[in-house]
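[1] missing the sequence, but the structure's below:
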């Protein structure tokens, strides 16, 4: 059995992330320029506001109405307008390319890790780093382990690493990941 995620550090939000690949993917998209817990709580907040979290409903909602839902206080993201557009664009892409079934990204035609990474990088709003982190999250915490996934995820796939959301399994590892990120920022700043 797959373990319950604890990325939002909120039981009901983490239950949704655990049971819904769409929620997990949306949380990863939202995970920029806000605390990780808020990003991964976003899909639950969105589901509460919409009555459900459905890829077709997100894709088909009037853009202004959807932006208003995302901006409703407390806003789902510090940049609600741009994130609303990104969420809808991602939902539309998922429908067009995967018939709305997120898990198809890592299951269709039994892809290897490199192919899953390629598919993730093709998602709107996902660049190289975000795709590698999400692949590592799938492998480390969702039992999605296609051949070569660790290599495709790069350093994020390393066993025992504390580099990203892929390594957060409790409060302690959250602190370790935050410490690592602060260390990297300080090193980058020192390089100038």
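    Okay, I see it. Note that this is a predicted model, so its numbers are computed, not measured. Residues are numbered from 1 along each chain as shown.
[2] What's the end-to-end length of stretch 98-109?
    12 Å (C-alpha to C-alpha, to the nearest Å).
[3] what does that stretch contact?
    Outside stretch 98-109, the residues that touch it by C-beta atoms under 8 Å, 6 or more residues apart in numbering are 21-22, 24-25, 55-56, 91, 94, 116, 119-120, 123, 138, 144, 146. C-beta: built from backbone N, CA, C; applies to glycine.
[4] Now that stretch: average pLDDT?
    Averaged across stretch 98-109, the pLDDT comes to 98.
[5] from the middle of its chain, how far away would that stretch be?
    15 Å (C-alpha atoms, centre = their mean, to the nearest Å).
[6] what's the answer for stretch 67-80, then?
    Using C-alpha atoms, centre = their mean, the mean C-alpha position of stretch 67-80 is found 18 Å from that of the whole chain.
[7] In it, which residues are buried?
    Within stretch 67-80, the residues scored as buried using 16 or more other C-beta atoms under 10 Å are 67, 69-71, 75-77, 79-80.
[8] what two of the residues you listed are the furthest from one another?
    Every pair in the buried residues of stretch 67-80 was compared (C-beta to C-beta); the two farthest apart turn out to be 69 and 79, at 14.6 Å.
[9] Using TSV, please lay out the buried residues of stretch 67-80 together with secondary structure and distance to residue 181.
    Compiled in TSV, the buried residues of stretch 67-80 are given as follows (DSSP: H, G, I helix; E, B strand; the rest coil; distance: C-beta to C-beta, whole Å):
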residue	secondary structure	distance to residue 181
67	helix	30
69	helix	30
70	helix	25
71	helix	27
75	coil	23
76	coil	22
77	coil	19
79	coil	20
80	helix	24
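[10] Can you give the contact residues for the biggest helix by length in the chain?
    Criterion DSSP state H: the longest helix present in the chain is helix 171-191. Where contact means C-beta under 8 Å, 6+ apart, the residues beyond helix 171-191 that reach it are 9, 36-37, 162-165, 167-168.
[11] Report the buried residues of it.
    With burial defined by 16+ other C-beta under 10 Å, the residues of helix 171-191 counted as buried are 174, 176-177.
[12] Pull the distance from that helix to the chain's centre.
    Distance of helix 171-191 from its chain centroid, counting by C-alpha atoms, centre = their mean, is 20 Å.
[13] likewise stretch 91-108?
    Distance of stretch 91-108 from its chain centroid, counting by C-alpha atoms, centre = their mean, is 15 Å.
[14] Any regions of this structure where pLDDT drops low?
    1-2 (pLDDT under 70).
[15] Now the most centrally placed residue in it. Nearest residue, chain neighbours left out?
    The residue at the geometric middle of the chain, judged as the C-alpha nearest the mean C-alpha position with C-alpha atoms, centre = their mean, is residue 28 (1.7 Å). Closest residue to residue 28 in three dimensions, ignoring its sequence neighbours and counting by C-beta to C-beta, 6 or more residues apart in numbering: residue 134, at 5.0 Å.
[16] Thanks a lot, catch you later.
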